[in-house]
Each structure stands twice: as C-alpha cells, then as structure tokens.
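Asker: got a structure for you, letters missing:
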C-alpha cells in the first residue's frame, strides 16, 4: 500500500503544477486501486457552481446526469461542507447508505450505478469560497 500511496502522491504533485494533469491522477488512482472509481469535484461557492467533474472509470452519461441535476440534490453536500479539510469521510460513518434510500439522489441515480454500497472521500482544500473533494 505504501508504494501505491507514493505513486498517487507523485501524480498529485505533478497536478499541483499542471491542472490539466488531474485526469492522469484519477486514472492512476483507478489503475492502482482496482474497484475504486475516483472523482474530483471542485466547487466555487462565489460562482455558485461546481466545476465539471474530473473522473476515471465512470460512464459519461452518469457523469452528465450528476452535473446536470443530481449534484444539486446530493444529500452528501451537507456532510462535505461541514467536514474540515483533510478529514476522511466514509459513508457508513457520516451518512449511511440506508439513510439515502428514500431520496431522489439514491432512487433515481445512485441505485442505478450497479453494486455501489459505500463511498469515501476527503476534502483536499477549503479556502476563500472554493473547495475540492476527492
């Protein structure tokens, strides 16, 4: 696992100097951690919008649906906003998947992803009205 962390760390270091390299970071995470579908979401609160998702392994239609509608009804946003940067967020600790079953987010979007049972993430940065969540 240490080697995997080091390889992902190198990709992140590169992306810090080249924003276009985040696609490669997502691909590296997906390649090194089978079964993980990484997504980087950046939100600019001042603009009132999220930027297009940077992701790996997702069906483009699913990403488009999230960006067009389901991101706005995502109940996880409250968890993301209330969690400090660099603190892990695991669904079963912060918002169990069972608590989402009655929501449009789950019924019309998440449940159709096929076999997803949990998620985890980390807010990488939260400053000046901008945040980024992996």
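Answerer: That came through, no problem. The structure presented is a predicted model; accordingly, all values stated were derived computationally and were not measured.
Asker: sheet-wise, list the partners of the lengthiest strand in the chain with their directions.
Answerer: What stands out as the longest strand in the chain, according to DSSP state E, is strand 120-127. When pairing is defined by DSSP bridges, strand 120-127 lines up against strand 88-90 (antiparallel), strand 130-133 (antiparallel).
Asker: what does that strand rub up against?
Answerer: 80, 83-91, 131-134 (CB atoms under 8 Å, 6 or more residues apart in numbering). All C-beta atoms are positioned from the backbone trio N, CA, C, and that covers glycine.
Asker: and for stretch 94-102?
Answerer: 75, 76, 79, 83, 91, 106, 107, 110, 117, 118.
Asker: please tell me how far the nearest residue to the second one once chain neighbours are set aside sits from residue 23.
Answerer: Meaning residue 76. Excluding its sequence neighbours, the residue lying closest to residue 76 (CB to CB, 6 or more residues apart in numbering) is residue 95, at 6.2 Å. Look at residue 95 and residue 23: by CB to CB, to the nearest Å, they are 28 Å apart.
Asker: same check, this time on residue 74
Answerer: 22 Å.
Asker: these two: which has the busier surroundings?
Answerer: residue 74 (20 against 14; other CB atoms under 10 Å).
Asker: can you confirm that one is in a helix?
Answerer: No - assigned with DSSP: H, G, I helix; E, B strand; the rest coil, residue 74 falls outside any helix and is coil.
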